[in-house]
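Trainee: Provided below for reference: sequence and predicted model.
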Amino acid sequence: MHLKTFKDYSSLSAAVAAEIIALIKNKPDAVLCLASGASPKLTCSLTAERAIKENVDFSQITFIGLDEWVGIPPENEGSCRYFFDTLFIEPLNLSPSQTHLFDGLSGNLQKECKKMDHLISDKGGIDLMIVGIGMNGHIGFNEPGVSFDKYCHVIELDETTVTIGQKYFKETTILKQGITLGLKHLMESKQVIVIANGIKKAELIRRAVGDKVTNYFPATIIQQHPNGFVMIDEEAASLLQ
Ligand code: F6R
């Protein structure tokens, strides 16, 4: 695992965007998986901005959305799909055939999981996975206690996720389950970047990189990834020795 600290959220996001751009320039048909949420928001916009300005060809990439709230429709601004559509897919003009997002409204969620598992394996795995860290140490919707051996699955959301998750929605929203890539996907990804910014993430980062690896704090798994990066701003790094 490698740790990189940046002055602030802007320089952190610019550096993560640069990683994405470099990957696509080097491997135009790369498989890229992103989380939604506050942490990767600026990374997404900066990637799209740079791609357009520098004419980087994203037409052959495969884009995978890390997770989705079960039962939340795509037009809901709090859905992961809405985030990906508005900040990444539409600005980069990605086609439906190259974008793969979970359908949180599907009547057959197990089939959604299998479809995603097959896609990832057919594509030869994920080249770059960019994830955030939740206030309970989750990655994607891999909640505390999750098995590290899982691929895509449906999970009952932790109380912290349900409470904190309200920040994405205009109105109080019932959140019960999530559908997510698993930590086995993360471990099999060729490169993983965990991004975190702000003082509220400082204790989480201290635990993620310093605590013993445990599925009760899923983000600790990053310590075991040979090409895992923790890219954070100075505030998020403030409790590291
Ligand atoms: C969202 C996701 C979540 C978030 C995490 C941090 O797609 O997978 O695991 O990455 O909850 O969220 P933010 O970045 O909003 O603090």
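Mentor: Received it, and whenever you're ready, just let me know what you need.

Trainee: Now the closest residue to the ligand within the chain: closest residue in space that isn't a chain neighbour?
Mentor: At 2.6 Å from the ligand, Gly132 is the closest residue in the chain, using C-beta to the nearest ligand atom. C-beta here means a position set from N, CA and C on the backbone, and glycine is covered the same way. The shortest distance from Gly132 to any non-neighbouring residue, by C-beta to C-beta, 6 or more residues apart in numbering, is to Ser39 (3.7 Å).

Trainee: I'd like the distance between Arg207 and Glu49.
Mentor: For Arg207, the distance to Glu49 (C-beta to C-beta, to the nearest Å) stands at 33 Å.

Trainee: Then Ala219?
Mentor: To Glu49, Ala219 is 29 Å away according to C-beta to C-beta.

Trainee: quick one: which of those two has more around it?
Mentor: Ala219 (27 against 12; other C-beta atoms under 10 Å).

Trainee: Hmm, Arg207 and that one touching each other?
Mentor: Yes - assessed by C-beta atoms under 8 Å, Ala219 is found in contact with Arg207 at 7.4 Å.

Trainee: Find the residues that touch each one of the two.
Mentor: Common contacts of Ala219 and Arg207 (C-beta atoms under 8 Å, 6 or more residues apart in numbering): Gly137.

Trainee: how about Phe229, phi and psi?
Mentor: Dihedral pair for Phe229: phi -120, psi 140, per degrees, to the nearest 10.

Trainee: Determine the number of other residues adjacent to it.
Mentor: Residue crowding around Phe229 was assessed by other C-beta under 10 Å; the count is 21.

Trainee: Next: the one 3 residues further on.
Mentor: Close neighbours of Ile232, defined as other C-beta under 10 Å, add up to 29.

Trainee: Okay, and the beta partners of it?
Mentor: Ile232 forms beta bridges with Thr5, Ala196, as assigned by DSSP bridges.

Trainee: Just confirm it contacts Ile205, I think it does.
Mentor: Yes - under the criterion of C-beta under 8 Å, Ile232 makes contact with Ile205 at 5.8 Å.

Trainee: got any residues that touch both of the two?
Mentor: Residues touching both Ile232 and Ile205 (C-beta under 8 Å, 6+ apart) are Ala196.

Trainee: any idea how far the residue of the chain closest to the ligand lies from Gly125?
Mentor: Using C-beta to C-beta, we find Gly132 at a distance of 21 Å from Gly125.

Trainee: what residues does the protein put near the ligand?
Mentor: The chain comes close to the ligand at residues 35-39, 66-67, 80, 131-134, 138-140, as judged by C-beta under 6 Å from any ligand atom.

Trainee: Farthest pair within the residues you listed?
Mentor: Taking C-beta to C-beta as the measure, the residues of the chain next to the ligand span a maximum distance of 15.9 Å, between Cys80 and Ile133.

Trainee: Show me the helices in the chain, by range?
Mentor: For the chain, applying DSSP state H gives helices covering 9-26, 41-53, 80-84, 109-122, 159-164, 183-188, 202-210.

Trainee: looking at those, which is buried most?
Mentor: Highest mean neighbour count of these: helix 80-84, a mean of 23 (counted as mean count of other C-beta atoms under 10 Å).

Trainee: what comes into contact with that one?
Mentor: By C-beta under 8 Å, 6+ apart, the residues outside helix 80-84 that reach it are 34, 36-37, 41, 63, 65-69, 74-76, 99, 101-102, 104.
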